[in-house]
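J.: what follows is a predicted protein model with its sequence.
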Amino acid sequence: MTHPSSTTSSPANTAIRATRSPIATSKALFFAAAGISFALSVWLWFSGDRERGLFVGLWVPSILSAGGLLLTGGRRD
C-alpha cells in the first residue's frame with residue numbers, strides 16, 4: 001500500500017528531483033571533457049596536424065581513467 005502523500009507531487013519533491021547529484025554532475029563533466037578532447041583530436045587530424053591530433057587523442061583515455069579513479073574515491077570493493 002502506498003502512502004497518500006507519495007503519490008502527490010509537491011513543489012519541494014519536484015525541486016529535489018530536478019537537481020542533479022554531485023556524482024552525476026562530475027560524471028557529465030568528465031564525459032564532456034573526453035568528448036571535447038576526442039572532437040578536437042579528430043579536427044586536428046583531418047586538418048593536417050596529425051601529430052597534435054594523436055597527442056590530443058591520447059587525452060581521452062587519460063581523462064576517463066582519471067574520472068573513474070576520482071569518482072570511485074579509491075575504494076577497494
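T.: Nice, I can see it. Quick caveat: nothing in here was measured; it's all calculated off a predicted structure. Numbering: from 1, shown residues only.
J.: what about the helices in this protein?
T.: Using DSSP state H, the helices of the chain run over 4-7, 11-18, 22-46, 50-57, 59-72.
J.: will you turn these into a markdown table that also has mean pLDDT and mean neighbour count?
T.: For the C-beta atoms, the positions are set from N, CA and C on the backbone; glycine is no exception. Output for these, formatted as a markdown table (pLDDT from 0 to 100; neighbours: other Cβ atoms under 10 Å):
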| stretch | mean pLDDT | mean neighbour count |
| --- | --- | --- |
| helix 4-7 | 53 | 8 |
| helix 11-18 | 57 | 9 |
| helix 22-46 | 94 | 14 |
| helix 50-57 | 96 | 14 |
| helix 59-72 | 93 | 14 |
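J.: end to end on stretch 44-63, go ahead and measure it.
T.: 18 Å (Cα to Cα, to the nearest Å).
J.: neighbouring contacts of it?
T.: By Cβ atoms under 8 Å, 6 or more residues apart in numbering, the surrounding residues in contact with stretch 44-63 are Phe30, Ala33, Ala34, Ser37, Phe38, Leu40, Ser41, Val42, Trp43.
J.: starting at the chain centroid, how far to it?
T.: Chain-centre distance of stretch 44-63: 20 Å, with Cα atoms, centre = their mean, to the nearest Å.
J.: can you check stretch 35-54 too?
T.: In terms of Cα atoms, centre = their mean, the centre of stretch 35-54 is found 21 Å from the chain centre.
J.: what's the span of it, first residue to last?
T.: With Cα to Cα as the measure, what separates the two termini of stretch 35-54 is 15 Å.
J.: centroid-nearest residue for the protein?
T.: Nearest to the mean C-alpha position of the chain, counting by Cα atoms, centre = their mean, stands Ala28 at 2.3 Å.
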